[in-house]
Structures are given as C-alpha cells and as structure tokens.
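*Asks:* next come a sequence and a model predicted from it.
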Amino acid sequence: MMKFKNDSALFDHYVDRLPSDQNAVDAVPGWTTAFPPKFKVKAGHAAFYNDPRIHWCIKQFGSLKERRVLELGPLEGSHTAMLAAAGASVDAIEANRLAFLRCLVAKEILGLLSCRFHLGNFVAWLEQTEVAYDLVVASGVLYHMRDPVRLLELMALRGSAVFLWTHYVTDEAMPPGDPRRGVFEPQVHIKPFQGLDMCRLTSVEVAHEEVGHPNGPAFCLFARRVPGPTGQ
Ligand SMILES: C[S@@+](CC[C@H](N)C(=O)[O-])C[C@H]1O[C@@H](n2cnc3c(N)ncnc32)[C@H](O)[C@@H]1O
C-alpha cells in the first residue's frame, strides 16, 4: 500500500462505510430541513418539502412546466424541489457556503436535474442577469436585506411574477414593547417607492397572513405582471 505524508489527516476525510444518502447528509453539518420520509434520511426537522406557502405560490402561478424560476436563498433546497416537481427549471442563489453545500447534497439525493444552485449574493445576480424569469421566489429573505426596496425593484424588473413570504413590522401587528420587535432595527428608514405597479406587477394577492408568528407577523404575497397595450 502506498504511503503518503500526513496519511492520517487525509484519511480523516474518508467515509469507510457502504455509500448512502445518509453519508452525504452527514458530510455537511447544520441541517434545518427534513427530507420527505420516503428517502429515509435523517437531516433537520422542518418539513419544508411540503410547504403550503409554496403550494399556494404554484397555484397562483399556474403550470410551471418549462418555466424559468429564480429562487432567492434556497437554504437547503426544499422549496427548490417543490418548484422543480411542478415542472420548473430553477436557478437558486444561496450566499451561505454551508447552506449551498447542503443544497448540492439535496440536489443529488432528490435528483433535481432541472435546478442549478449558485453560490453568491442574489442581489448581484438580479442586477446582472439577462434572463427574463417567469417567476422570482423570495421566501424568508426580504427582512434580511439592508435595502429591501431595492430587492423589490429588482425582483419586479427580472420576473413576470413574484412570490414573497416575509415578516413585517407595523405598530398594530407588533406594538412597541412586543418582544418580537427585538430582532428588527429600531430605527425606521423611510424610502420613497413607487409601488410594485411601477413595473406593472399590479395583480397582487395576499395569503397565509400570520400576525402571531413567533418571529414576527408574516404573510405571503403573489404579484403578476399584467401585459401592457403592446403585450409586453
Ligand atoms: C431565512 S432563510 C429562508 C430559506 C428559505 N427560502 C425558506 O423560506 O425557508 C434565508 C436564506 O437566504 C440566504 N440569503 C440571505 N441573504 C442572501 C443574499 N444576499 N444572497 C443569497 N442568499 C442569501 C440565507 O443564507 C438563507 O439560506
């Protein structure tokens, strides 16, 4: 047998068991989400592979067959898999290295052939892409943004339809003194915004409003571009 310098360090990274999906999951720590039971792997607990918010998004959009979807912040690919199962090809942009690697593991286990995961910042992607997406999905990301208004503008620019799930702050839904306000910046910045109809995303539906969500009030929004007189 050939001997290498630092043999033990090299072999620390080897998995000497029967190859399995569980080995792949265990190769990257920190799982939040679960796999559908039929895959028989232990990862995280959140069953986002059957998320009613994404079912609602798909229902609003209609058939995703052969549609191009941009997903912002896929985390571990559960929603990506739902969009792919509905027929979409998906670009999913994830900034967190470990989350990105977990997405790749999920892609392999779930066989997400129509999805590409990309490591980096989705704002930069939205600014530079020349792809006209049929749908942009932004679940759980707007409230992380330093400039959420810019993200809304970019989503409206690049997508013919947009889906959001987001927390929000209003004094009615989360009055001053509500402990859930602690994670939000106390300073309010007011920024002029011409509204989603600026990009003709005028057909707006709201659902899954949850004022009592433990992390702060939340809701889903789906908006679609209504074609102008030239059909664009
Ligand atoms: C709260 S999680 C939401 C995950 C998933 N979309 C969901 O709804 O369950 C936010 C995800 O977005 C990613 N993220 C946040 N800001 C990002 C950015 N600027 N570019 C790419 N990914 C980002 C985080 O790493 C994380 O995976």
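*Replies:* Sure thing, it's come through. Numbers count the residues shown, from 1 in each chain.
*Asks:* report the backbone C-alpha coordinates of the least confident helix or strand in the chain by mean pLDDT in CSV.
*Replies:* Ranked by mean pLDDT, DSSP states H and E, the weakest helix or strand in the chain is helix 7-12, scoring a mean of 75. C-alpha atoms of helix 7-12 as CSV (Å, rounded to 0.1, in the frame of the first residue of the first chain):
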residue,chain,number,x,y,z
ASP,A,7,-1.7,10.0,6.0
SER,A,8,-4.0,10.3,9.0
ALA,A,9,-5.2,13.9,8.1
LEU,A,10,-6.1,12.7,4.6
PHE,A,11,-8.0,9.6,5.8
ASP,A,12,-9.9,11.7,8.4
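*Asks:* excluding chain neighbours, give the residue nearest to the residue of the chain found nearest the ligand in space.
*Replies:* Using C-beta to the nearest ligand atom, residue 73 is the residue of the chain that sits closest to the ligand, at 2.2 Å. From N, CA and C alone the C-beta is placed, and that goes for glycine too. In space, and not counting its chain neighbours, residue 73 is closest to residue 141: 4.3 Å by C-beta to C-beta, 6 or more residues apart in numbering.
*Asks:* who are the contact partners of the one you found?
*Replies:* By C-beta atoms under 8 Å, 6 or more residues apart in numbering, the residues touching residue 141 are 72, 73, 122, 151, 166.
*Asks:* can you give me the neighbour number for the residue of the chain closest to the ligand?
*Replies:* By other C-beta atoms under 10 Å, the residues close to residue 73 number 19.
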